[in-house]
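Student: For reference, the sequence and a predicted model appear below.
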Amino acid sequence: MQNKWWTEKAQEIQSFADRNDMHNFYNAVKSIDGPTNHCITPLKTADGLRVLKDQSSVLERWAEHFNTLLNRDSEADHTILDQLPELPPIDILNQPPTFLEVLSAVRSLKNNKSPGMDNIPAELLKQGGYLCTRALHQHITKCGSLFAPQPQYHTTSSYRREAFHGIGDVQRIQSSKGITEERRKKVIRHQQSNTRKKKHECSQCFKTFAAPSALVIHQQTHTGEKPYHCSQCGKTFSQTGQLKTHQRIHTGEKPYHCSQCGKAYRQMCHLKRHQMIHTGEKPHHCSQCGKTFSRMSELKSHQLIHTGEKPHHCSQCGKTFSQMSHLKTHQRIHTGEKPYHCSQCGRTFSQMSSLKTHQRIHTGEKPHQCSQCGKTFSQTSSLKTHQRIHTGENPYHCSQCGKTFSRMSYLKSHQRIHTGEKPYHCSQCGKCFNIKSDLKTHQKIHKEKGPISAVHKKRHTLQSTI
């Protein structure tokens, strides 16, 4: 049985590879081996006949890959490119790409795709991390012959680089007649920003910053340092802005207001997320059923319905849940916690939804209406139970006699006929009943005749026991 499973799994993975469906191929492999942290994918030559093993051959293969990527013909409209002013070529165009350009090229690659015929998947390049990218850049620099000038492959970016580099170019741009005034100002601003190059580089990830203070803040993401402390609760943060945002929890400050409904929020991101309610925007789509969501977290929680995954376990009873919020609500059964209080009568509840349903008793609100007879109810469950009158549905069956009922409470009352249980006692005479409504009907007798004596009560109790 196990060999058959492995055979079918291997055939499935091979079918993905034959169709070049790299997305499902990697998902199928990860489902067996788990995600990989190192580059273990075999890399072959361009013709696919030989596997490359030594490091120099692998790096040369990567260099060929980037040569194909960086020197592809432009798909831009050449009639638009011809309108740009002709400027003298600059030596920087004949130089190999910088490390940041190589790093940006690796990051911009789309998964499951590869340009040209070299068939190097993006996952293979990305798994190497910064060290592999650094080694790749060093090897590309050595292979200067791969980056010989190719004037027939002018691209829009090439024209931008020709126009934006060199102080003398600014003067030519200022006097050019083929460029609008707005375009000329943008070019000059870009040139001025380029003169203030980012010189401060992070030694961990090689990201560059214009100011040393920005680099110091960034490096705290690698060191885990959190020097800013909240004086109220002692929580620590890596940036001052994060601390200020957190302190609004204690002060109650909510500076960001919704122009539609006036609701206020502590953070701008929370306001933007709220505004999607008014705009109806739901940018996150479920690939399984097409349902849309305004938040990515909501989409991820929803997708657990399709996968059946329930990663959150209750330590008390072992019950599993798909969401942490559901687990926390369930745990209140064990702890007895009821944090939601009714302001009218003081009754407490373990769930907010239960409190809202209860409050309808005080407000008299009945938002759920029967489409058959127009009767209204405060709870959806009450409406569903009522609708069985119209449909004739009786889903609850007695295992003793087979009789069916529309409500569980009716079934439980009926089962007492078979068990002989009579849990409802009359406080006046001690008589017992198996249905509460029968007890209430009986108690009306005492109200009409008045209270009975203790002797009569004792005699009636003895008779009922006999």
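Tutor: Looks like it came in fine.

Student: so where is this structure shaky, pLDDT-wise?
Tutor: Low-confidence segments of the chain, defined by pLDDT under 70: 1-6, 17-23, 25-26, 29-44, 46-48, 65-96, 108-132, 140, 142-199, 449-466.

Student: surely residue 368 meets residue 378?
Tutor: Yes: counting by C-beta atoms under 8 Å, residue 368 does reach residue 378; the two are 7.2 Å apart. No exception for glycine: its C-beta is placed from N, CA and C like everyone else's.

Student: three-state assignment of residue 241?
Tutor: Classification of residue 241 using DSSP: H, G, I helix; E, B strand; the rest coil returns helix.

Student: Can you give me the neighbour number for it?
Tutor: 11 (other C-beta atoms under 10 Å).

Student: Surely residue 317 and residue 331 touch.
Tutor: No: look at residue 317 against residue 331 with C-beta under 8 Å: they stay out of range, at 9.5 Å.

Student: out of the two, which sits in the busier spot?
Tutor: residue 331 (17 against 10).

Student: for that one, what are its contacts?
Tutor: 314, 316 (C-beta atoms under 8 Å, 6 or more residues apart in numbering).

Student: Just confirm it is within a strand.
Tutor: No: assessed by three-state DSSP, residue 331 does not belong to a strand; its assignment is helix.

Student: separation between it and residue 358?
Tutor: Counting by C-beta to C-beta, to the nearest Å, the gap between residue 331 and residue 358 amounts to 21 Å.

Student: And for residue 202?
Tutor: 55 Å.

Student: of those two, who's got more company?
Tutor: residue 358 (18 against 15).

Student: Surely residue 28 and residue 14 touch.
Tutor: No: contact criterion C-beta under 8 Å: residue 28 and residue 14 do not qualify, at 9.9 Å.

Student: Comparing those two, which residue is more hemmed in?
Tutor: Neighbours per residue, other C-beta under 10 Å: of residue 28 and residue 14, the larger number sits with residue 28, 19 against 12.

Student: Next up, the contacts around that one.
Tutor: So residue 28 contacts 9, 12, 13, 16 (C-beta under 8 Å, 6+ apart).

Student: Grab the nearest non-local neighbour of residue 222.
Tutor: In this structure, residue 222 finds its nearest non-sequential neighbour in residue 204, 4.6 Å apart by C-beta to C-beta, 6 or more residues apart in numbering.

Student: That should have said residue 294, apologies.
Tutor: residue 276 (4.2 Å).

Student: contact partners of the helix or strand that contains the one you found?
Tutor: Assigned by DSSP states H and E, residue 276 belongs to helix 268-279. Identification of contacts with helix 268-279 by C-beta under 8 Å, 6+ apart yields 256, 257, 258, 260, 261, 263, 265, 282, 294, 295.

Student: Give the buried residues for that helix.
Tutor: Residues 271, 274, 275 are the ones in helix 268-279 that count as buried (16 or more other C-beta atoms under 10 Å).

Student: for those, which one is nearest residue 403?
Tutor: Nearest to residue 403 among these is residue 274, at 52.3 Å by C-beta to C-beta.

Student: Give me the distance between the closest one and residue 255.
Tutor: 14 Å.

Student: before we move on, what about residue 382?
Tutor: 43 Å.

Student: more neighbours, these two?
Tutor: residue 382 (16 against 11).

Student: picking up where we left off before, and for the residue nearest to residue 222, the neighbour number?
Tutor: Residue 204: 12 neighbours (other C-beta under 10 Å).

Student: Please enumerate the strands of the stretch 351-466 of the chain.
Tutor: Residue ranges of the strands in the stretch 351-466 of the chain, as given by DSSP state E, counting those that start in this stretch, are 368-369, 376-377, 396-397, 404-405, 424-425, 432-433.

Student: The third one - contacts with which helices or strands?
Tutor: In terms of contact count using 3 or more C-beta pairs under 8 Å, 6 or more residues apart in numbering; DSSP states H and E, strand 396-397 is assigned the packing partners strand 404-405, helix 408-419.

Student: what lines up beside that strand in the sheet?
Tutor: strand 404-405 (antiparallel) (DSSP bridges).

Student: ok, and what's touching the partner strand?
Tutor: Contacts of strand 404-405 (C-beta under 8 Å, 6+ apart): 394, 395, 396, 397, 398, 411, 414.
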